[in-house]
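Asks: pasting the sequence and the predicted coordinates here, then a few questions.
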Amino acid sequence: MQRSLKQASGFAPAGVMRTLEDCYELCETALLYWTGPYVLSQGDFAPWNIRNLGSQLFVTDWGHARADASPLDDVLHYLMIQRVLCARSVSVPVLRVAMRRAAEFAQQAYPEWSWRPPVIGALTLVYLLGVVLQRSLAVGSFDTTDRVLGPYWKLLQKRSTWMPL
């Protein structure tokens, strides 16, 4: 993420960079003593990348996969990206519901880890920041009219309303 921030500084306006860097610092501080788990993330986990054959499920399109990812990234992406691409609201209340569902998943999948609200909030911020940076870097500009970047950017700007302390 540090590398992505550095690359974005080449085209993002100064005010945007301050917000992105503030978000990064908030993530870093909130997750300072959190040790994981970190997982393999598919990177675009959505219904259109899931197939079934009888009782077996297959996840396709691993072009955005990455190791050492947050265990919430794919869950949050699955819950949020469908709304965004269908031009449905991705307001703070919608994000809070997604965070709650991601926390429930994490507690079931990784019961040995601590899933306190500040950890869930910080990992959600990591997800949003990662998507904003990824979309910006892909086109070499910071375009708030982008149908994904725009709504996610607004959520980053409103982080004080949804980030648990």
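Replies: That came through, no problem.

Asks: which one is the residue nearest in space to the middle of the chain nearest to, not counting chain neighbours?
Replies: Per Cα atoms, centre = their mean, the C-alpha nearest to the average position across the chain is that of residue 127, at 1.6 Å. In space, and not counting its chain neighbours, residue 127 is closest to residue 76: 4.6 Å by Cβ to Cβ, 6 or more residues apart in numbering. (Each C-beta comes from the backbone N, C-alpha and C, glycine too.)

Asks: tell me the contacts of that neighbour?
Replies: Residue 76 makes contacts with 98, 99, 102, 124, 127, as judged by Cβ atoms under 8 Å, 6 or more residues apart in numbering.

Asks: so what does whichever strand or helix holds the last one touch, helix or strand wise?
Replies: Okay, so that is residue 127. Taking DSSP states H and E as the criterion, residue 127 maps to helix 117-139. Counting contacts by 3 or more Cβ pairs under 8 Å, 6 or more residues apart in numbering; DSSP states H and E, helix 117-139 packs against helix 2-8, helix 14-30, helix 73-85, helix 92-109, helix 149-157, helix 159-162.

Asks: next, the residue with the largest distance to the centre of the chain: phi, psi?
Replies: The C-alpha centroid of the chain is most remote from residue 54, which lies 31.1 Å away (Cα atoms, centre = their mean). For residue 54, the backbone dihedrals are phi 70, psi -120 (criterion: degrees, to the nearest 10).

Asks: got a pLDDT number for it?
Replies: At residue 54, the predicted lDDT confidence score is 91.

Asks: burial check on residue 13, number of neighbours?
Replies: Other residues near residue 13 come to 9 when the count uses other Cβ atoms under 10 Å.

Asks: let me know whether it touches residue 143 as I believe.
Replies: No. Residue 13 is beyond contact range of residue 143, at 11.5 Å (criterion: Cβ atoms under 8 Å).

Asks: picking that back up, so which of the helices and strands packed on helix 117-139 comes closest to residue 45?
Replies: helix 73-85 (3.8 Å; Cβ to Cβ).

Asks: mind listing what's buried in the closest one?
Replies: 73, 74, 75, 76, 77, 78, 79, 80, 81, 83, 84 (16 or more other Cβ atoms under 10 Å).

Asks: ditto for stretch 12-25
Replies: 12, 16, 17, 19, 20, 23, 24.
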